[in-house]
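**Q** Return atomic coordinates for the entry below.
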Amino acid sequence: MTNTPGRSQPPVGSRPAISRLGLVALFGWIALLVVLSWWVAKVSYQWLPVQASSAAPLVDGLFSFETGVGTFVFGAVVSVMVWVIVMHRADKYDESDAEPIEGNTRLEVIWTAIPFVLVMAIAVYTMRVNTSLGVLGPMEHIHLANPIEDQGGYPGDRLPAEQVEVIARQWSWEFRYPEANVSSTELHLPVDQPVTFRLVSNDVIHGFYIPAFRLKQDVIPGRAINFNLTPIREGRYRLRDSQFSGTWFAANQADVVVESADAYQAWLQEAARQPLQPGLSDAMTEFEARQQLKNPGWATVPPAPPPQVNVPGSNTLPHDA
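**A** Just a heads-up that it's a prediction; the model follows:
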């Protein structure tokens, strides 16, 4: 080992003692990081859309907890980096070797135990949330040619009153209400009442995702998937296709209207009196506009024709999320 003139060398194997003031400063900084992490965790609720389903508070609580843990870990790591850079950097023109040190077993146990405890805490919290949600029912094989009739006819006696059939296509959504014999391209739901969606895809994988509900489910071709939730807040929200399903998947959106039970029943009765007409399909509108151009661009899969529905609805009204 090369000794640098003017620098005292501690005996090999010895460790510098931590002063009482240093311990107070260390624990004070840790306490400050804990307070900061708790504050960021609380603020993180404001980053999310409104809570419009019974699942939203559970998901938001998990997100807040993970944000707080991430803030603490990030702050601790950056603090150590800054401490080392500021307090333990070499003098200018110092090209000597660093002091030889041995492993610190106590420190290694600490920085192994803390991440283990944090990861296990996140895992346990996540499992509890998933158990509480319980949103998925069994997946059943179906025939894509006639998914409703394969389950007993449309409208079918086997479907419960609160069930809504959701059919995804490239690129539009269709919603069928079997009990009322109504279909639409705008989803209506009664507030504070459990709803079971029966998700079906006519072509490729789609993603049934309503940010305000905090729940997402892939819609897989060849399967009918039951998906349960309870809206808890009246308003107008947005359903989006969360899976890349082709050229116009970003336009595969629909409004979700959560309303009172009386308003919902009145909407069903009014919708049942309406004749079938083409539903909303922004993809088809954009595709037809592009075909009118002299140079329509690259070749793409033509969108499926808009479904025939009783109520097309609107996709231009302002929505909450």
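**Q** The lowest-mean-pLDDT helix or strand in the chain pairs with which strands?
**A** In the chain, the helix or strand scored least confidently by mean pLDDT, DSSP states H and E is strand 136-141, which has a mean of 74. Strand 136-141 has the following sheet partners, assigned by DSSP bridges: strand 223-229 (antiparallel).
**Q** immediately after the least confident helix or strand of the chain, which helix or strand?
**A** Reading on from strand 136-141 to the C-terminus, the next helix or strand found by DSSP states H and E is strand 163-169.
**Q** related to what we said a few turns ago, so which residues make contact with the least confident helix or strand of the chain?
**A** With C-beta atoms under 8 Å, 6 or more residues apart in numbering as the test, strand 136-141 has contacts from Gln151, Thr196, Gln217, Ile220, Gly222, Arg223, Ala224, Ile225, Asn226, Phe227, Asn228. Backbone N, C-alpha and C define where each C-beta goes, glycine included.
**Q** now for these, which pair is the farthest apart?
**A** Maximum pairwise distance among those (C-beta to C-beta): 21.2 Å, between Gly222 and Asn228.
**Q** Show me where the stretch 51-200 of the chain dips below the pLDDT cut-off.
**A** When residues are selected by pLDDT under 70, those of the stretch 51-200 of the chain lie in 142-161.
**Q** again, 50 this time
**A** Applying pLDDT under 50 to the stretch 51-200 of the chain flags residues 144-161.
**Q** which residues in it form helices?
**A** 56-87, 105-133 (DSSP state H, counting those that start in this stretch).
**Q** Tell me which of the ones you listed is the most buried.
**A** Each of these was scored by mean neighbour count; the highest is helix 56-87, a mean of 15, by mean count of other C-beta atoms under 10 Å.
**Q** between that helix and strand 223-229, how many degrees?
**A** Angle, helix 56-87 to strand 223-229, by axes from the mean of the first three to the mean of the last three C-alpha atoms, to 10 degrees: 90 degrees.
**Q** Next SSE downstream of the host helix or strand of Glu286?
**A** Following DSSP H and E, one finds Glu286 within helix 282-291. Of the helices and strands lying after helix 282-291 in sequence (DSSP H and E), the nearest is strand 308-309.
**Q** Mind giving me the packing neighbours of that next one?
**A** Other helices and strands packing on strand 308-309, by 3 or more C-beta pairs under 8 Å, 6 or more residues apart in numbering; DSSP states H and E, are strand 182-184, strand 277-278.
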